[in-house]
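>>> Here you go, sequence then predicted model.
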Amino acid sequence: MEVQDKSLAELKQVCSDIRERIIDVVSRKGGHFSSTLGAVELTVAMHKVFDVKKDPFIYDVSHQCYAHKLLNGRWEEFETIRQYKGLSGFTKPKENEADYFVAGHSSTSISLAVGAAKAIQLKKENRVPVVMIGDGSMTAGMVYEALNELGDLKLPVVIILNDNEMSIAKPIGAISKYLSKILAGKYYQNFKGKVDSFIRNNMPEGTTYIAKRMEEAMKLITPGILFEEMGLDYIGPIDGHDLEEIIDTLEIARDMKKPVIVHARTVKGKGYKIAEGQHEHWHGVGPFNVEDGEFTKKAAAKSATAVFADALVELAEKHENVVGVTAAMPSGTGIDKLIEKFPQRFWDVAIAEQHAVTSMAAMAKEGFKPFITIYSTFLQRGFDQIIHDVCLMKLPVVFAIDRAGIVGNDGETHQGAFDISYLRFIPNMILCAPRDNETLNHSLEFAYEAKGPCAIRYPRGAFGEVDFPSSKFELGKAELLKEGTSKKLFIGYGAGVSRACQTEKLHEEDIAILDLRFVKPLDETLLKELSSKYDDWYVFSDSQKQGGVASAILEFLNKENLCVNLTSFEYEDEFIQHGDTKLVEEGLGLHPHQLVEKIK
Ligand SMILES: Cc1ncc(C[n+]2csc(CCOP(=O)(O)OP(=O)(O)O)c2C)c(N)n1
Ligand SMILES: CC(=O)[C@@H](O)[C@H](O)COP(=O)(O)O
Ligand SMILES: [Mg+2]
């Protein structure tokens, strides 16, 4: 939809139509809801003032980009948002060229804008990158790396700080407090404006030096002093729902030809009363009833996250040295329960995965037993810290890796595919995985006792069914669930065990099933023994094939000169798209009925 030539009244109508469409579709299909509702006026104003055909429009995380999608040729298709083979919930250039970059992980936007601005300067083009970033995303270190350079280079970039005083949960830390203080102190801005105009109107010619000094002194009480000290201009706070004020301000910012932060105050969930200003609950939602806000789908079985949280509460009650963190995902990881119960020992450190890992390394050194509760995809951010600060020191930090495997509708930016591959080669690391609720409890007890770094992975939602009783975890010990009369052996890892069991049930042969439990260290003795009994091995794991579970087994077989036929049912070398998990897995050919056919 072309908005550049529309009048203010028409633009207000556009905002209202967009809101109506978002509420209608998300209430039926689910999706990121309150962030995107709160960013409608800001997005429409961006499209009015900047030219999406040439200026890079950069959305941080991009979970707030639904209005952008609707404005850029996806009004009808919006029905398919986050559905299998439908529109992505995030910006995606392959989907539409108005989407400048893929995003899903937070706090990359200002770096992207700096890179774009450098390129624009080198190409001598007349384009201005415009960023939308939330206050929660301003808590990550990468933002300050980018601002540090931007303030120095003074390249033209407009950064709209969409401040709703919320992350997914309540915002954490000094930066958040600082931004809130600014929002609360709008009178500073008025005061500065008055003093500025007094200087301009009342100081005689020739006193410019004094005027300048006075203006500089004013900076000391300017709300955006932090940004101004970093070399960026700061405008705000403005009302992020007042279209006229936003448009006027963005026009000024665009024409300044230098880096500017426009600080806009918004209400998360704006336009849907039940969600307005609410924490967490309305951030990402399933289908709901618009009239009363009741969610229509209730979770059937207890999630692995909930089982993990209960088990960790028990451990923390038993052992005073148990501590833990989340990087801005308290309810998603279940650690909110622990923060509430043991506020002195469990922390939300904001979107700061690297800091989470390194600070817990130091706690381990001090004799505590830290649990870093984190999604597989976000642990990627802490990669160097895992090697350099945890594993090199062989510190007993536990990585409780949630959302391992396919996560569903978030898609390619969020799939938990890579953790085994990026952790397995790190010396000193122990990698294990439970197959069901009971073994998740056992794995946590094991991890508590582990003398070095240990990672446990478990899926989004509930585990699939497994009908075998379980025993305690012992370092590097697999569990043979059943022998078989055929020459085949199914090896499952984590949630892959239930897939192996289901496939075995569908197969006409009687097949042995091994729960590998540890991909590092492997149960070499048992694997050796099994290689003399079973010729055809099949590996089931919800993880990347390259560097994954089958790779680990092959490395061992190769080292020992053992010969079996090995087939991996892991993820191929490609990014996995979004959609309902079952459909995505079917698309990958990983459903038990498909696997049975492949085996035959
Ligand atoms: C690296 C990383 N860690 C965690 C997340 C999960 N996450 C998605 S949105 C979000 C909160 C962002 O808050 P804010 O930027 O203020 O946006 P709002 O939802 O309030 O509009 C978080 C923590 C993420 N996307 N990326
Ligand atoms: C945008 C983002 O990163 C999160 O909001 C994510 O969508 C959460 O996913 P879960 O629903 O798995 O917690
Ligand atoms: Mg926010």
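That came in fine, so what should we check first? Ligands and ions are numbered 1, 2, ... in the order given.
>>> Tell me the helix or strand right after the helix or strand hosting Glu529.
Element membership of Glu529, judged by DSSP states H and E, is helix 524-531. Where DSSP H and E defines the elements, the next helix or strand beyond helix 524-531 is strand 536-544.
>>> What is the helix holding Glu529 packed up against?
Applying 3 or more C-beta pairs under 8 Å, 6 or more residues apart in numbering; DSSP states H and E, we find helix 524-531 packed against strand 512-515, helix 549-559. Using the backbone N, CA and C atoms, a C-beta is placed for each residue, glycine as well.
>>> make it 10 Å
Other elements packing on helix 524-531 under the criterion 3 or more C-beta pairs under 10 Å, 6 or more residues apart in numbering; DSSP states H and E are strand 479-482, strand 488-492, strand 512-515, strand 536-544, helix 549-559.
>>> For Ile274, which residues are in contact?
By C-beta atoms under 10 Å, 6 or more residues apart in numbering, the contact set of Ile274 is 281-282, 288, 290-294.
>>> Correct me if wrong, but it is in a helix.
No - secondary structure of Ile274 (DSSP: H, G, I helix; E, B strand; the rest coil): coil, not part of a helix.
>>> can you list the residues of the stretch 201-350 of the chain near ligand 1?
268, 327-329 (C-beta under 6 Å from any ligand atom).
>>> what do you get if the cut-off is 8 Å, keeping everything else the same?
266, 268, 283, 327-329, 332 (C-beta under 8 Å from any ligand atom).
>>> Highest neighbour count among these?
Counting neighbours by other C-beta atoms under 10 Å, Ala327 leads these with 29 neighbours.
>>> Quick check, that one in contact with Glu353.
Yes - in this structure, Ala327 is within contact of Glu353 by C-beta atoms under 10 Å, at 4.5 Å.
>>> Overlap of the contact sets of these two?
With C-beta under 10 Å, 6+ apart, Ala327 and Glu353 have common neighbours 106, 140, 372, 374-375, 378-379, 381-382.
>>> Can I get the buried part of these as one PyMOL selection?
A single PyMOL command is used to select the members of the shared contacts of Ala327 and Glu353 judged buried by 16 or more other C-beta atoms under 10 Å:
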select buried, resi 106+140+372+374+375+378+379+381+382
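>>> What segments of the stretch 151-300 of the chain are helices?
174-184, 186-202, 208-219, 225-229, 243-255 (DSSP state H, counting those that start in this stretch).
>>> what's near enough to touch the residue nearest the centre of the chain?
With distances taken as C-alpha atoms, centre = their mean, the residue of the chain nearest its centroid is His105 (4.7 Å). Shown in contact with His105 (C-beta under 10 Å, 6+ apart): 60-62, 90, 137, 140, 142, 351, 353, 377-378, 380-381, 413-414.
>>> and the closest residue to ligand 1 within the stretch 151-300 of the chain, what pLDDT?
Going by C-beta to the nearest ligand atom, ligand 1 is nearest to Ser167 of the stretch 151-300 of the chain, at 4.0 Å. Predicted confidence (pLDDT) for Ser167: 93.
>>> same question, the one 10 residues further on
If you check Lys177, the pLDDT there is 89.
>>> what does Phe191 give?
At Phe191, pLDDT is 56.
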